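Colleague: Need coordinates for the following:
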Amino acid sequence: MSTMRTDDDTWDITTSVGSTAVMVAASRATETDRPDALINDPYAKLLVANAGTGVWEALLDESMVAKVEGMDAETAAIVHHMRSYQAVRTHFFDAYFADAVAAGIRQVVILASGLDSRAYRLDWPAGTVVYEIDQPKVLAYKSATLAEHDVRPSADRREVPIDLRQDWPAALRAAGFDPAAQTAWLAEGLLMYLPAAAQDRLFEQITELSAPGSRIAAETAARHADERREEMRERFKRVADKLGFEQTVDVQELIYSDEDRAVVVDWLNEHGWRATAQHSHDEMRRLGRWVEGVPMADDKDAFADFVTAEKR
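Modeller: Just a heads-up that it's a prediction; the model follows:
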């Protein structure tokens, strides 16, 4: 098995980067079912159940997670952390959008939207347009699956089916995007799948398209040492083998860990934005979702920041 990235790789919802969207949706679904849920995503389970990726659907099965706990306590802690992290991340960026529309912004762009269901589940003010940019097959799967269940967007949702390595600004404009209007951008679950230079270029393009008063939110790319990445790979492979799952995607091979990657909050502050960062550790603890026993818990570089900024 190899999922190594190439300059022209592509994917649907079952392969490569596309399949990680199923993992994220599964975490949102399990959080939604909690009595003390931080978020409410009634569509996540629908999107996961039809995906056909096997191992990520197993996150919905509490008995399967219990089996992992019996096999390897540290791996089980990682699974619980992953679920809790996704819930906290979703909660943080939901609040970001609520603040943006409360300030009068009615143009939203979700980059590499995957199985994000915000265009369907959030309470958008009248006149809000939500642009979703992602691979054509990913967007087609989501819209078709939700349409089959009579789920309709709660905003004017517009698909922009294009790879972010292509001329996505032109495709966005063609879909109706107005660069003169204030925009709320989101780069969630994206930057870790971009090389450092591509991250810089993405923010340059966003800056060029953003009117003063526009906002951006981003989840930064965490940094894992090579030996730690290999340890995590082997640990998950052992558990997957014991549970009888074929590991068709190696998430560690999808991620770029460039040492020279720009610090997002610094880059934005140097390029016309007022930016602040909230470390995910702190947000998880604030919301009561920190998981004890997680490897690398004392290494803050191994976990992401949540960055928000406003265009000056």
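
Colleague: and Asp241, what helix or strand is that in?
Modeller: Assigned by DSSP states H and E, Asp241 belongs to helix 226-243.

Colleague: Could I get the average pLDDT for that helix?
Modeller: For helix 226-243, mean pLDDT rounds to 70.

Colleague: count of neighbours near Asp150?
Modeller: Neighbour count for Asp150, taken as other CB atoms under 10 Å: 6. Where you see a C-beta, it was placed from the backbone N, CA and C, and this is true even at glycine.

Colleague: Am I right that it is in a strand?
Modeller: No: assessed with DSSP: H, G, I helix; E, B strand; the rest coil, Asp150 is coil; it does not lie in a strand.

Colleague: got a pLDDT number for it?
Modeller: Reported pLDDT for Asp150: 98.

Colleague: From start to finish, how long is stretch 181-199 in a straight line?
Modeller: Taking CA to CA, to the nearest Å, stretch 181-199 runs 24 Å from one end to the other.

Colleague: just checking, what packs against the longest helix along the chain?
Modeller: In terms of residue count, the longest helix belonging to the chain (DSSP state H) is helix 73-102. When contacts are defined as 3 or more CB pairs under 8 Å, 6 or more residues apart in numbering; DSSP states H and E, helix 73-102 packs onto helix 16-32, helix 62-71, strand 183-187, strand 215-219, helix 226-243, helix 280-286, strand 305-311.

Colleague: right, and those - which one's nearest Thr207?
Modeller: With respect to Thr207, and counting by CB to CB, the nearest of the helices and strands packed on helix 73-102 is strand 305-311 at 7.5 Å.

Colleague: Given that closest one, what are its sheet partners and their directions?
Modeller: Strand pairing for strand 305-311, using DSSP bridges, gives strand 215-219 (antiparallel), strand 273-279 (antiparallel).

Colleague: Going by mean pLDDT, which of the helices and strands packed on helix 73-102 comes out lowest?
Modeller: Among the helices and strands packed on helix 73-102, helix 226-243 carries the lowest mean pLDDT (a mean of 70).

Colleague: picking that back up, what average pLDDT does the longest helix of the chain get?
Modeller: In this model, helix 73-102 has a mean pLDDT of 92.

Colleague: Stretch 255-274 now?
Modeller: 92.

Colleague: Kindly state the pLDDT recorded for Leu115?
Modeller: At Leu115, the pLDDT value in this model is 95.

Colleague: From Lys142, how far off is it?
Modeller: 6 Å (CB to CB, to the nearest Å).

Colleague: Look at the residue lying closest to Ala100 once chain neighbours are set aside and say how many residues are nearby.
Modeller: In space, and not counting its chain neighbours, Ala100 is closest to Ala184: 3.8 Å by CB to CB, 6 or more residues apart in numbering. Around Ala184 there are 25 other residues, counting by other CB under 10 Å.

Colleague: Begin at 670 from now on, thanks
Modeller: Yep, numbering from 670; the last one is Ala853 now.

Colleague: wait, Ala853 sits on Ile774?
Modeller: Yes: the criterion here is CB atoms under 8 Å, and Ala853 meets it with Ile774 at 4.9 Å.

Colleague: Contact partners for the residue nearest to Ala769?
Modeller: Counting by CB atoms under 8 Å, 6 or more residues apart in numbering, Ala853 makes contact with 765-766, 769-770, 774, 776-778, 883-886.

Colleague: The strands paired with strand 974-980: which one's closest to Ala973?
Modeller: Once these are compared by CB to CB, strand 884-888 is nearest, at 5.0 Å.

Colleague: Now the closest one: buried residues?
Modeller: Within strand 884-888, the residues scored as buried using 16 or more other CB atoms under 10 Å are 884-888.

Colleague: what residues does it touch?
Modeller: 758, 762, 765, 769, 772, 774, 851-860, 875, 879, 933, 937, 942, 973-980.
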